[in-house]
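1. My questions concern the predicted model and sequence given below.
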Amino acid sequence: MRTDTDSLMLLRSPLLPVPHAFTTRAGGVSVGAYGAPAGGGLNLDDREDNPEVVAENRRRLSTALGFDPARVARLNQVHGTDVREARPGVQEGDALVTTEPGLLLAIGTADCYPVLLADEAASVVGAAHAGWRGTLGRIAARTVEAMVARGARAERIRAAVGPGICGEQYPVGEDVARQFREAGLDEHVLEIGGALHLDLAGANRAVLLAAGLLPENVWVSGRCSTEPDFYSYRRDAGRTGRMWAVIGLTGTGGAA
């Protein structure tokens, strides 16, 4: 029998050994600016959309991964570098870590990059929100540090960098480009058509490698949030939904 979660179009990394997903626009019940090209949209942000509709979208996602919708830890994201110990409900910050089974960590994006991390042997997972400020502040490395403090080992951690705005679609000003160059991330400042652009996916991969992750343990989706499958703040001029990147440990702390 077909269920209401069958229409979800979720992206997963072949590297992460625990339940996780990067959502797209497909499979929900949002409409209008928050809909999808072919049906209801899976908007997971309730600041402008109907809160009841968003609650149903969140229920569908949590259920699809085997988690209780009441056991979701998420953030009021402020483009900073604070890493929080995850708990159900909303905290302020830009990254979460936990060793607690049954808790689903959620990062919301609509052009910024989500980074999901797991050390299965230590039963530690993390999730980070990396826009240009968070990337510059090495939020992914701070998340690795917080995981190591909870028993993880950098060389065991596997990371997945989900969809975000690609370098070709992300022009920036000279001041932002200068900050990346001064931070040693100059190779991720691109010149395209006479304009400066940022490769945030590559920059976050570099940050993870500098934090001690092995190259073979870092996966980058290669998908751009400006594609029709995703919500994009820049493409849609500010009126758009949000995707979630989610990760959690099962009841035993291992893979589902």
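-> Nice, I can see it.
2. rest of the way, CA atoms for contacts and neighbours
-> Noted.
3. quick one: low-confidence ranges for the stretch 1-150 of the chain?
-> 1-6 (pLDDT under 70).
4. Break down it into its strands, ranges please.
-> When assigned using DSSP state E, counting those that start in this stretch, the strands of the stretch 1-150 of the chain occupy the ranges 10-11, 20-23, 26-30, 41, 72-76, 83-85, 89-92, 95-98, 104-109, 113-119, 124-130.
5. packing partners for the fourth one?
-> Looking back up the chat, that one is strand 41. Taking 3 or more CA pairs under 8 Å, 6 or more residues apart in numbering; DSSP states H and E as the contact definition, the neighbouring helices and strands of strand 41 are strand 26-30.
6. Need the residue closest to the centroid of the chain.
-> Pro114 (2.2 Å; CA atoms, centre = their mean).
7. quick one, longest helix in the protein?
-> Selection of the longest helix in the chain by residue count, based on DSSP state H, yields helix 51-64.
8. send the alpha carbons of stretch 95-115 over as PDB?
-> Taking Å, rounded to 0.1, in the frame of the first residue of the first chain, the C-alpha atoms of stretch 95-115 are listed here in PDB:
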ATOM      1  CA  ALA A  95      25.500  23.400  14.500                       C
ATOM      2  CA  LEU A  96      24.300  20.500  16.700                       C
ATOM      3  CA  VAL A  97      25.900  17.400  18.100                       C
ATOM      4  CA  THR A  98      24.600  14.400  20.000                       C
ATOM      5  CA  THR A  99      25.200  11.000  21.300                       C
ATOM      6  CA  GLU A 100      21.600  10.500  22.200                       C
ATOM      7  CA  PRO A 101      19.700   7.800  20.200                       C
ATOM      8  CA  GLY A 102      16.300   8.600  18.900                       C
ATOM      9  CA  LEU A 103      17.000  12.300  18.400                       C
ATOM     10  CA  LEU A 104      16.800  13.700  14.900                       C
ATOM     11  CA  LEU A 105      19.100  16.700  14.200                       C
ATOM     12  CA  ALA A 106      17.800  19.200  11.600                       C
ATOM     13  CA  ILE A 107      19.500  22.000   9.700                       C
ATOM     14  CA  GLY A 108      17.400  24.300   7.500                       C
ATOM     15  CA  THR A 109      18.800  25.700   4.200                       C
ATOM     16  CA  ALA A 110      17.700  27.500   1.000                       C
ATOM     17  CA  ASP A 111      21.200  28.200  -0.500                       C
ATOM     18  CA  CYS A 112      23.600  27.800   2.400                       C
ATOM     19  CA  TYR A 113      25.300  24.400   2.800                       C
ATOM     20  CA  PRO A 114      24.300  21.700   5.200                       C
ATOM     21  CA  VAL A 115      27.000  19.400   6.500                       C
END
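9. Please compute how far that stretch lies from its chain's middle.
-> Distance, stretch centre to chain centre, for stretch 95-115: 6 Å (CA atoms, centre = their mean, to the nearest Å).
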